[in-house]
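Novice: whatever this is, show me its structure:
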Amino acid sequence: MKVFFNKLPLPIAGVALALAALGNLLKLWQLPVVANCLASLASVIIVLIVLKCVISFEAVKADFKNPLVVAVTPTFTMCLLILATYLVAIEGLQTFAQLLWLGAIVLQVGLMVYFTYWFVFPWQLTNVYPSWFVLYIGIGVIAITSPAFYPTIGHVFLWIGLALYVVLLPLVLTRVYFATTMPEPTMPLIGIITAPASLCLAGYLTISEGNQNWLAYVLLALAQLLYVFVLVQLPKILRLPFYPSYAALTFPFVISATACMMSYHYLVTYPWLKNIAMIETAIACVMVGYVLVRYVLFLATAVKRVK
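Specialist: Prediction:
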């Protein structure tokens, strides 16, 4: 059993996040039963990660010395934030869900502080990776989930996330495409580039209750542009061997489809936008399913080799 938890990569939290978020996306398509099943599967992965932290504590400590791993650990807290929205709808679990949501925020901020203190300085552009978006813009999930808990908190974190995105976007694009070549195991992280604009858009549409203004349209245009930008690179990325960083190819596609579908509901009810959302939803389902299967095969092979 300990062998399994030693081999379980912390980045698998990104798959759990994608499953929970995909459930929310499918709710927009009137598929609540499937959504609940996906949330349950995400919960199983979250429990496994918690058990890893207990059973393989030394391995987790070692992971927290690796900036590439630490940068994606907020996917764990982001998943908790989304799962809390499932739990709050269950009679008798409202208080637990509220505490889980608040606790996830505290942990998320703690991870941001930890990473900034240990890994951002001394500053080097080559240390910047798309995973920094997860760490600093992932707080956008707080805005998306806040209506079920404390909307004011969501407002605050949305604007912080937007400000950080303005700073990080040029840095990340410069690092990835104009600085030194990224190591092969980190190449799947390019998928994350499509997430922040969509995450900010979904958060903004949530807290603004669909009020139309220039910011929403700018975010929608940017989100779709970056989505296509990443999509055309996807075939090349998928030809790489499997790495735990493949988890970066899940949630970004889910949140892109979610933001597109929300834009159809809140901004412009053009049929073509719904069609785009439908295509993006299908791609998100395929990518989440594909990466989940690859993770299962990876873990099965890793454990078998040890035995």
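
Novice: which intervals of this structure have sub-threshold pLDDT?
Specialist: Residue ranges of the chain with pLDDT under 70: 209-212, 306-307.

Novice: residues in contact with Thr180?
Specialist: By C-beta atoms under 8 Å, 6 or more residues apart in numbering, the residues touching Thr180 are Thr126. Heads up, the C-betas are built off the backbone N, CA and C, glycines and all.

Novice: and Phe229, by the same measure?
Specialist: 193-194.

Novice: what number of residues lie near His113?
Specialist: One thing to correct before we go on: residue 113 is Val, not His. 10 (other C-beta atoms under 10 Å).

Novice: against Gln30, how distant is it?
Specialist: Val113 sits 40 Å away from Gln30, going by C-beta to C-beta, to the nearest Å.

Novice: now do Thr85
Specialist: 17 Å.

Novice: ok, the two, which is more surrounded?
Specialist: Thr85 (22 against 8).

Novice: tell me the secondary structure for the more buried one?
Specialist: Following DSSP: H, G, I helix; E, B strand; the rest coil, Thr85 is assigned to helix.

Novice: ok, it - contacts?
Specialist: 24, 97, 101, 145, 148.

Novice: again, but for Leu226
Specialist: Leu226 neighbours (C-beta under 8 Å, 6+ apart): 193-194, 197.

Novice: closest to Pro183 among those?
Specialist: Taking C-beta to C-beta as the measure, Pro183 lies nearest Ile193 of the contacts of Leu226, at 16.9 Å.

Novice: now do the contacts for that closest one.
Specialist: 130, 133, 172-173, 176, 226, 229-230, 252.

Novice: for Val232, phi and psi?
Specialist: Note on Val232: its backbone torsions stand at phi -70, psi -20 [degrees, to the nearest 10].

Novice: for it, give its distance to Thr194.
Specialist: On the measure of C-beta to C-beta, Val232 and Thr194 end up 11 Å apart.

Novice: adding secondary structure and distance to Phe64, write the contacts of Ile193 out as TSV.
Specialist: Below are the contacts of Ile193 laid out as TSV (DSSP: H, G, I helix; E, B strand; the rest coil; distance: C-beta to C-beta, whole Å):
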residue	secondary structure	distance to Phe64
Pro130	coil	20
Phe133	helix	19
Val172	helix	22
Leu173	helix	28
Val176	helix	24
Leu226	helix	30
Phe229	helix	32
Val230	helix	28
Pro252	helix	24
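
Novice: quick one, which of those residues are buried?
Specialist: 130, 133, 172, 176, 226, 230, 252 (16 or more other C-beta atoms under 10 Å).

Novice: ok, which pair from the residues you listed is furthest apart?
Specialist: Farthest pair in these, by C-beta to C-beta: Val176 and Pro252, 14.1 Å.

Novice: coming back round to it: need the contacts of Thr85 in TSV (columns: secondary structure, distance to Tyr266 and neighbour count).
Specialist: Listed next are the contacts of Thr85 as TSV, based on DSSP: H, G, I helix; E, B strand; the rest coil; distance: C-beta to C-beta, whole Å; neighbours: other C-beta atoms under 10 Å:
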residue	secondary structure	distance to Tyr266	neighbour count
Asn24	helix	15	20
Ala97	helix	25	19
Trp101	helix	23	24
Thr145	helix	17	26
Ala148	helix	18	18
